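**Student:** Sequence first, then the predicted structure, then my questions.
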Amino acid sequence: MKTIVLERPGQFTLTDTPEPAGIAPGEALVRVRRVGICGTDLKAFEGKMPFLEYPRILGHELGVEIVEIGPNDRGLKAGDLVSVEPYLNCGECIACRRGKTNCCTTLKTLGVHTDGGMREYITLPIRKLHKSDKLSVDQLALVETLVIGAHAVRRADPEPGEFLLVIGAGPIGLTVIEAAKASGAEIIVMDINNDRLNFAQQVLGVEHAVNVADRPLEQVREITNGDMPTQVYDATGNLQSMNNSFDYVASGGKLVFVGLMKENISFNDPEFHRREITLYASRNGTASDFKWVIDKVESGAINTDPWITHRAPFEQMIGQFNAWLDPASKVMKALVEL
Ligand SMILES: [Zn+2]
Ligand SMILES: [Zn+2]
């Protein structure tokens with residue numbers, strides 16, 4: 001079967017690999033129909049993923065069709081279109097035992113720590129497949145991306161009308177915005193890039209936009225009538241932004257780190273205490289987040305139309321991948337079609 005292998009940083013090859021030999025109990029054989037490309041894939045290509053080993057088959061944002069499946073209690077059968085939860089967890093560690101499968105102590109992400117979906121067929125655990133009768137394969141491949149924001153927002157659980165600040169309007173910040181919109185919160189988006197702010201306002205319908213270069217604290221204070229936002233999400237993965245994000249949280253409010261970076265974060269403890277800030281990290285998502293996103297896309301609460309900006313047939317992906325690295329190409333989501 002056709003497979004795209006990332007042999008080493010900067011070099012993909014289109015090659016032939018053996019088809020899966022069969023399915024083990026609890027597994028399904030699926031045909032890959034769509035693979036979404038995100039920052040993780042771009043970093044892997046550029047050699048900037050510290051723990052990624054080469055050669056590696058990328059692909060963790062998958063819309064697939066079930067080809068072969070044994071008896072199961074999920075109501076899944078051959079021919080069903082499903083989204084794939086690519087976080088392979090052990091089921092036994094302290095996190096798994098408490099339902100926090102997204103931060104399993106030995107978590108392996110498909111297409112990052114193990115070979116992923118850039119191939120015609122793959123076998124997967126049945127419990128990692130999430131079905132929709134309404135979503136297209138394009139939409140199913142977008143679910144994993146949207147889950148990143150959904151998990152963050154569902155952790156902090158905003159109420160309708162609550163002021164919510166999203167710092168960073170890149171792809172991850174936009175998934176936070178999509179989930180936050182579905183919650184009915186009043187959203188403020190902050191970024192350094194006016195194109196990104198315009199996109200968030202004009203295409204995603206965000207109420208308020210603040211450029212971080214222009215008196216950001218004062219602007220956010222004015223928008224919130226002096227209160228400041230009760231929920232702040234940092235999706236920048238930028239040290240300075242993450243350190244400064246504490247300043248934006250209302251007294252009694254919550255701060256969620258969606259983006260991550262390598263260094264230590266520092267903040268002023270008396271201020272942290274005075275406002276009794278609740279600080280969350282958010283990592284990946286759970287089966288329940290996949291169901292939540294699928295529900296929201298099915299109901300139209302999340303519109304996926306603006307998300308897909310680029311496409312390539314499987315055989316042509318290698319030739320087009322370089323262009324997707326260029327910020328000028330304005331890739332939000334590129335889909336590879338099989
Ligand atoms: Zn991704
Ligand atoms: Zn585990």
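**Tutor:** Great, that's in hand. Numbers count the residues shown, from 1 in each chain. Ligands and ions are numbered 1, 2, ... in the order given.

**Student:** switch to C-alpha atoms for all contacts and neighbour counts from now on
**Tutor:** OK.

**Student:** mean confidence score for stretch 297-313?
**Tutor:** Averaged over stretch 297-313, pLDDT sits at 95.

**Student:** Next, the buried residues of it.
**Tutor:** Residues of stretch 297-313 classed as buried: Val297, Glu298, Ile302, Trp307, Ile308, His310, Arg311, Ala312 (neighbour count, 16 or more other Cα atoms under 10 Å).

**Student:** what do you get for stretch 99-119?
**Tutor:** 100-105, 107-119.

**Student:** overlap between those and the residues near ligand 2?
**Tutor:** Cys104 (Cα under 5 Å from the ion).

**Student:** Could you list which of the buried residues of stretch 99-119 belong to strands?
**Tutor:** Lys108, Thr109 (DSSP state E).

**Student:** Among the buried residues of stretch 99-119, which ones are in helices?
**Tutor:** For the buried residues of stretch 99-119, membership in helices holds for none, with DSSP state H as the criterion.

**Student:** picking up where we left off before, quick check, nearest of the buried residues of stretch 297-313 to ligand 2?
**Tutor:** Val297 (28.9 Å; Cα to the ion).

**Student:** Put the alpha carbons of whichever strand or helix holds that closest one into CSV.
**Tutor:** Secondary structure assignment for Val297, by DSSP states H and E: helix 287-299. The C-alpha coordinates for helix 287-299 follow below in CSV (Å, rounded to 0.1, in the frame of the first residue of the first chain):
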residue,chain,number,x,y,z
ALA,A,287,-13.1,10.6,24.3
SER,A,288,-15.7,12.9,25.9
ASP,A,289,-14.1,15.9,24.1
PHE,A,290,-14.3,14.1,20.8
LYS,A,291,-18.0,13.4,21.3
TRP,A,292,-18.5,17.1,22.4
VAL,A,293,-16.9,18.4,19.2
ILE,A,294,-18.7,16.0,16.9
ASP,A,295,-22.0,17.1,18.6
LYS,A,296,-21.2,20.8,18.1
VAL,A,297,-20.2,20.4,14.4
GLU,A,298,-23.3,18.2,13.8
SER,A,299,-25.6,20.9,15.3
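
**Student:** Tell me which two of the buried residues of stretch 297-313 sit farthest apart.
**Tutor:** Farthest-apart pair in these is Glu298 and Ala312; separation 25.3 Å (Cα to Cα).

**Student:** Show me what the helix holding Val297 packs onto, helices and strands only.
**Tutor:** Contact partners of helix 287-299 among helices and strands, from 3 or more Cα pairs under 8 Å, 6 or more residues apart in numbering; DSSP states H and E: strand 129-131, helix 137-156.

**Student:** buried stuff in the shortest one?
**Tutor:** Right, the one you point to is strand 129-131. Residues of strand 129-131 classed as buried by neighbour count (16+ other Cα under 10 Å): Leu129, His130, Lys131.

**Student:** secondary structure class for the closest residue to the last one other than its chain neighbours?
**Tutor:** By the measure of Cα to Cα, 6 or more residues apart in numbering, the closest residue to Lys131 outside its immediate chain neighbours is Val82, 4.3 Å from it. On the three-state scheme (DSSP: H, G, I helix; E, B strand; the rest coil), Val82 is labelled strand.
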